[in-house]
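In: need coordinates for the following:
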Amino acid sequence: MEFLELAQKRYSCRKFLDKEVEKEKIYKILEAGRLAPTACNFQPQRILVVTDREKQKALKECTKFTFDAPVILGVCYDKEESWKRKYDGQDGGIVDASIVTTHMMLEIAQLELGSTWVGSFDPNKARNILNIPDNLEIVNLLPFGYPAEDGAESAMHNQRKTIEQIVSWNNFTCHIDKKC
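Out: Predicted coordinates for the structure are as follows:
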């Protein structure tokens, strides 16, 4: 499958089969995250694989968006290892963890599994439930598994702005359809 086809096919899956995901597939997904680019190749990402049903049930205390997925990844970064921009100290760890998550989401889709990025959670509760050390910042949860047969993409999935609406050339007053 070509990349753009894969990117278009992938959607936020919010309903999963009660079916275990094979370890081989989980490792392929984790490998996609391991290979993702990070600032200065510092690789600060830390990924917690949560397959324990009791821990998953406990995660419902910090978010309603676990969707009873058979696997939930807690995607974090190590603040002590992440790159910091010298001009203002901005921490690149959030971006690194986001790139890692995107790579894993695309591998999940390639494996014909479904996932959804969950950013709506109480990070302090998640930290306690998952026993996340103080040096790690949790960026997102990534529930995934086999999509339920009656699950579907949201009605908004294919609603995308045009290239002309999101791209400018050389300055933000020069859009793609103008010569600048």
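In: only C-alpha atoms for contact and neighbour calcs from this point on.
Out: OK.
In: list of residues touching stretch 43-60?
Out: Residues outside stretch 43-60 that contact it (C-alpha atoms under 8 Å, 6 or more residues apart in numbering): 34, 37-38, 66, 68, 70-79, 81-82, 93, 96-97, 100, 126, 129-130, 136.
In: just the CA trace of that stretch, in PDB.
Out: Extracted as PDB, the C-alpha positions of stretch 43-60 are listed here (Å, rounded to 0.1, in the frame of the first residue of the first chain):
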ATOM      1  CA  GLN A  43      15.500   9.000  21.600                       C
ATOM      2  CA  PRO A  44      13.800  10.200  24.800                       C
ATOM      3  CA  GLN A  45      10.600   8.200  24.200                       C
ATOM      4  CA  ARG A  46       9.500   5.700  26.700                       C
ATOM      5  CA  ILE A  47       6.500   3.500  25.900                       C
ATOM      6  CA  LEU A  48       4.500   1.500  28.500                       C
ATOM      7  CA  VAL A  49       2.500  -1.400  27.000                       C
ATOM      8  CA  VAL A  50      -0.600  -2.000  29.100                       C
ATOM      9  CA  THR A  51      -2.300  -5.300  28.500                       C
ATOM     10  CA  ASP A  52      -3.300  -6.100  32.100                       C
ATOM     11  CA  ARG A  53      -7.100  -5.700  32.200                       C
ATOM     12  CA  GLU A  54      -7.100  -4.500  35.800                       C
ATOM     13  CA  LYS A  55      -4.700  -1.700  35.000                       C
ATOM     14  CA  GLN A  56      -6.800  -0.800  31.900                       C
ATOM     15  CA  LYS A  57      -9.900  -0.700  34.000                       C
ATOM     16  CA  ALA A  58      -8.100   1.600  36.500                       C
ATOM     17  CA  LEU A  59      -7.200   3.900  33.600                       C
ATOM     18  CA  LYS A  60     -10.900   4.700  33.300                       C
END
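In: show me which residues of that stretch are buried.
Out: Gln43, Pro44, Gln45, Arg46, Ile47, Val50, Gln56, Leu59, Lys60 (16 or more other C-alpha atoms under 10 Å).
In: picking up where we left off before, the contacts of stretch 43-60 in helices, which ones?
Out: Applying DSSP state H to the contacts of stretch 43-60, the entries found in helices are Arg34, Gly93, Asp96, Ala97, Val100, Ala126, Ile129, Leu130.
In: nearest residue to the first one in space, please, no chain neighbours.
Out: Put plainly, it is Arg34. In space, Arg34 comes closest to Val100 once its chain neighbours are excluded; the distance is 7.3 Å by C-alpha to C-alpha, 6 or more residues apart in numbering.
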